[in-house]
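[1] Quick check, what structure comes out for this input:
(2 chains)
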Amino acid sequence: MIITATHGKIYRHDEAGLAELQAEYPDVYAKVVKNKPEKVEETPKAVKSKKRQAK
Amino acid sequence: MGLIYKTCVDGSFDEAYTCDPCFTAENGNVRSLVLIRKGTAIAFPLVKFDWELQVGLGNIFIMPETRGSFDGGTPKYITGYGSVKEKKVGDDYVLSVKDPNYVNNVAFYQEAEKHLWNIAYLSETQLNYVAQDVTITAKAPIEEDLETDVAWNLELKWFSKIKPVTAAYAPIASLFLNDGSGFEYEVITGLSLASGTVTPQVVYLQVDIDKDCKVILPDNTVLTSTSGGINTTWNGAAGAVTLLIGKTAIGMSLSDGGSPASNFIGTINCYGSYTISIDSCLEIININAINSSGILADGASNLSLILTKNAIDISAAGCALTAVSIAALLAELVATGNTNGTLDISGGTNADINTWSVQANEDLYYLINTKGWTITYNES
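    Residues are numbered from 1 along each chain as shown, chains lettered A, B, ... in the order given. Alright, predicted model coming up:
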């Protein structure tokens, strides 16, 4: 699994995580998926990793 | 068996003496010192590009501002034969130089003392070149005086049958500016090419289209860019290559979006601030680009180490960065303290965060939470 950590939060590169990232930080989303053509079709609920929740 | 008499040419003398009624006297002081690694060829007349290259390769060290004197040599005699009482065999020479760059050069001079050198030194207009084995001793005494400088006192000694070779140093004068502004190129070392005799090896280098770059191939052929680019193949034997990047270039790339991608092998060692792109360059193993402002290495699947401190946009997706190298990279970024950067070390065989050190994890969180970085990584 690929993880993006930004603005104090962790976003998984699954549908839910990427959708959340796109909604909250579209500029970051655009950058981290630059070579990854998959599109997030739905708006899932937020996912936060307890283990990797940024301090 | 008869007696054979060979012709002796010692008595010949065909050198002309130059008498110039309009001469301008050469003024003294050893104004600059150059340490040259043994075996480094110096051509006359002096060629600036050759010197730039050798400085970049670490074969020539220029101390641009020195003070000192040259003793001109002390004749060394041996007992003569026949009616000749003694015969001169050469001279012992001593060059005494003060280098004011005391701070940070202990390790350099410590190491320099262990080697034999060729040297050059400047008087007013002349470069004096010594191709013999030269020893160097370096001392940095400190006077009991608040107003004296602490400098490296260098004593360079050699024996030679010939006097130093002199030539006007005007062609390379700009290399002796003490801010390095006279250099036109940044030299990238650490790379090589495999044999291209069976499979031609891709040689691709692109800088800004209005800038200049060069590639020195294993056979010492120098390729020069057109519109900032070089795109060819190497068909010869394996060997080292050197890249030269115009110092004002903003970016350099070894790959055009992955196709073509250079077949350069090994490590990119450079000090320039330009961005570096090596996406899909499969044989690049390390990047040591401490001052680079950005690195794009996506798909460089054997890249295991990136050392940089100033880059604020680093993309190494699909690489092979180890946990140790990730820790070192994060530590450098933390130490530099740049803000709002982007780092992508996901995919490929980049080390999983669960294999990182505790310090690397702490550095990750620090960059994200305190410095505004966005970091993308692997987690199993």
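[2] got the residues of the stretch 251-380 of chain B near chain A?
    Neighbours of chain A within the stretch 251-380 of chain B, by C-beta under 8 Å from any C-beta of the partner chain: B:298, B:317, B:342, B:344, B:346-347, B:353, B:364-365, B:368-369, B:372-380. C-beta: built from backbone N, CA, C; applies to glycine.
[3] and with 7 Å instead?
    Proximity of the stretch 251-380 of chain B to chain A (C-beta under 7 Å from any C-beta of the partner chain) is limited to residues B:298, B:342, B:344, B:346-347, B:364-365, B:368-369, B:374-379.
[4] CA atoms only for stretch B:191-211, dumped as CSV, please.
    C-alpha atoms of stretch B:191-211 as CSV (Å, rounded to 0.1, in the frame of the first residue of the first chain):
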residue,chain,number,x,y,z
LEU,B,191,29.3,7.5,-14.4
SER,B,192,30.3,4.9,-17.0
LEU,B,193,29.0,3.1,-20.0
ALA,B,194,29.0,-0.6,-20.7
SER,B,195,30.4,-1.9,-23.9
GLY,B,196,28.4,-0.7,-26.9
THR,B,197,30.0,-3.1,-29.3
VAL,B,198,27.1,-5.6,-29.2
THR,B,199,24.3,-3.5,-27.9
PRO,B,200,24.7,0.3,-28.5
GLN,B,201,24.4,2.3,-25.3
VAL,B,202,22.1,5.3,-25.2
VAL,B,203,23.9,8.6,-24.5
TYR,B,204,21.2,11.2,-23.7
LEU,B,205,21.8,14.5,-22.0
GLN,B,206,19.6,17.6,-22.2
VAL,B,207,19.9,20.9,-20.4
ASP,B,208,18.1,24.2,-21.0
ILE,B,209,17.9,24.7,-24.8
ASP,B,210,19.8,28.0,-24.6
LYS,B,211,22.6,26.4,-22.4
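[5] buried set for that stretch?
    By neighbour count with 16 or more other C-beta atoms under 10 Å in any protein chain shown, stretch B:191-211 contains the buried residues B:191-194, B:196, B:201-208, B:211.
[6] In strands, which of the residues you listed appear?
    B:191, B:192, B:193, B:201, B:202, B:203, B:204, B:205, B:206, B:207 (DSSP state E).
[7] Look at residue B:244 and give its secondary structure.
    Secondary structure assignment for residue B:244 (DSSP: H, G, I helix; E, B strand; the rest coil): strand.
[8] tell me the contacts of it?
    Listed by C-beta atoms under 7 Å, 6 or more residues apart in numbering or on different chains, the contact set of residue B:244 reads B:185, B:187, B:213, B:214.
[9] and the gap between the residue nearest to residue B:72 when sequence neighbours are not counted and residue B:134?
    Excluding its sequence neighbours, the residue lying closest to residue B:72 (C-beta to C-beta, 6 or more residues apart in numbering or on different chains) is residue B:93, at 7.7 Å. As judged by C-beta to C-beta, to the nearest Å, residue B:93 and residue B:134 stand 8 Å apart.
[10] which residues do the two both contact?
    Contacts common to residue B:93 and residue B:134, judged by C-beta under 7 Å, 6+ apart, are B:157, B:158.
[11] Surely residue B:345 is in contact with residue B:374?
    No. Using C-beta atoms under 7 Å, residue B:345 is not in contact with residue B:374; the gap is 11.7 Å.
[12] Comparing these two, which shows the higher neighbour count?
    Counted by other C-beta atoms under 10 Å in any protein chain shown, residue B:345 and residue B:374 do not tie: residue B:345 has more neighbours, with 26 against 23.
[13] Give me the buried positions along stretch B:37-49.
    Buried residues in stretch B:37-49, counting neighbours by 16+ other C-beta under 10 Å, are found at B:42, B:46.
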